[in-house]
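Colleague: quick one, what's the 3D model for this:
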Amino acid sequence: MALRVGRIPFLVCAPFFHDFLGREGEFPDVEFVDGPPSVHCAGLKDGSIHLSPASSITFAQKPGAFVLSPELCTSCSFEVRSVKLFSKVQINYLDGRRVRMTAQSRTSVNLLRILLEQRFGVRPEYADGAYREGDDACLLIGDQALEENERHRFPHDYDLGTLWQEWQEVPFVFGAWIISKSALEEPLKNTLKRYMEATRVSIERFRENPSRALDKWLARYPVNLSREVVENYYSALDYRFTDERKISLQRFFRQAREMNLIQDAPPLEFLKV
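Modeller: Predicted coordinates for the structure are as follows:
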């Protein structure tokens, strides 16, 4: 049986996966499945994949089914740059206006709702799907958000990582390595251990030589961004799952539960390494 890994082909996940590209033959017991966070969220919950650096809220959507990597997450120091609200009006004027929500990440969608309603006290009309000219604002994530940053089509844009940290005084956790408990049993247990260690090495190699790592990544997953913008993007990201970030994730779950966005705010449970 292969360990099925949800791979997200966004720049934010390049450090996790670049080192495996072209070396898949060295991991014959690992199967990579490409897709956005929302697809891997569904895959984790229905059992079609075993692990992924998926939307962090996935852990709370099926309490008791998963463990988290105690070391790795996708976070930032204030701005994340790739999860942003682009708006025709200032954020505090969005009450009753139409906000188009990405379908790619439930974490970002729920975070935006919490920020708009709890921090800014506005209740927009939320709509799913791609941005349309009649919309007042749109939430974009990943490479789409980075590309929109360069177009400058909206007079106002808001980085959700910054908005959360200004408000809660802790950095937000957009993605977590979520691992199905089914992967903790034989015959997958040893494969999982080897894979997570190889992921740690992949991050180290990215830090040592990001330019070489990005050559490999962009050859497989090209983007409409200059190389300067791409390389500078990683100065905003932090992949360490610190105690402060664990507190932040628990706080996010509690906020989501209070707004009935999730049914429960389960305690964090971690992979024993």
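Colleague: buried sites along whichever helix in the chain runs longest?
Modeller: Longest helix of the chain, by residue count under DSSP state H: helix 189-208. By 16 or more other C-beta atoms under 10 Å, the buried positions in helix 189-208 come out as 191-192, 195-196, 199-200, 202-203, 206. For glycine as for every other residue, the C-beta is placed from the backbone atoms N, C-alpha and C.
Colleague: can you tell me the closest non-neighbouring residue to residue 257?
Modeller: Nearest residue to residue 257 in three dimensions, chain neighbours excluded: residue 265, at 4.3 Å (C-beta to C-beta, 6 or more residues apart in numbering).
Colleague: state the three-state secondary structure for the one you found.
Modeller: coil (DSSP: H, G, I helix; E, B strand; the rest coil).
Colleague: all further residue positions should be reported with the first residue as 890.
Modeller: All right, first residue 890 from here; so that's residue 1154.
Colleague: surely it and residue 948 touch.
Modeller: No: look at residue 1154 against residue 948 with C-beta atoms under 8 Å: they stay out of range, at 10.2 Å.
Colleague: picking up where we left off before, ok, and what's touching the longest helix of the chain?
Modeller: 892, 894, 903-909, 916, 918-919, 939-940, 958, 960-961, 1066, 1068, 1072-1073, 1102, 1128, 1160, 1162 (C-beta atoms under 8 Å, 6 or more residues apart in numbering).
Colleague: let me see the confidence value for residue 993.
Modeller: Here, the pLDDT recorded for residue 993 equals 81.
Colleague: which ones are touching it?
Modeller: Counting by C-beta under 8 Å, 6+ apart, residue 993 has contacts 925-927, 1030-1031, 1033.
Colleague: packing partners for whichever helix or strand residue 1101 is part of?
Modeller: If you go by DSSP states H and E, residue 1101 is part of helix 1099-1109. Helix 1099-1109 is packed against helix 903-906, helix 1116-1122, with contacts defined by 3 or more C-beta pairs under 8 Å, 6 or more residues apart in numbering; DSSP states H and E.
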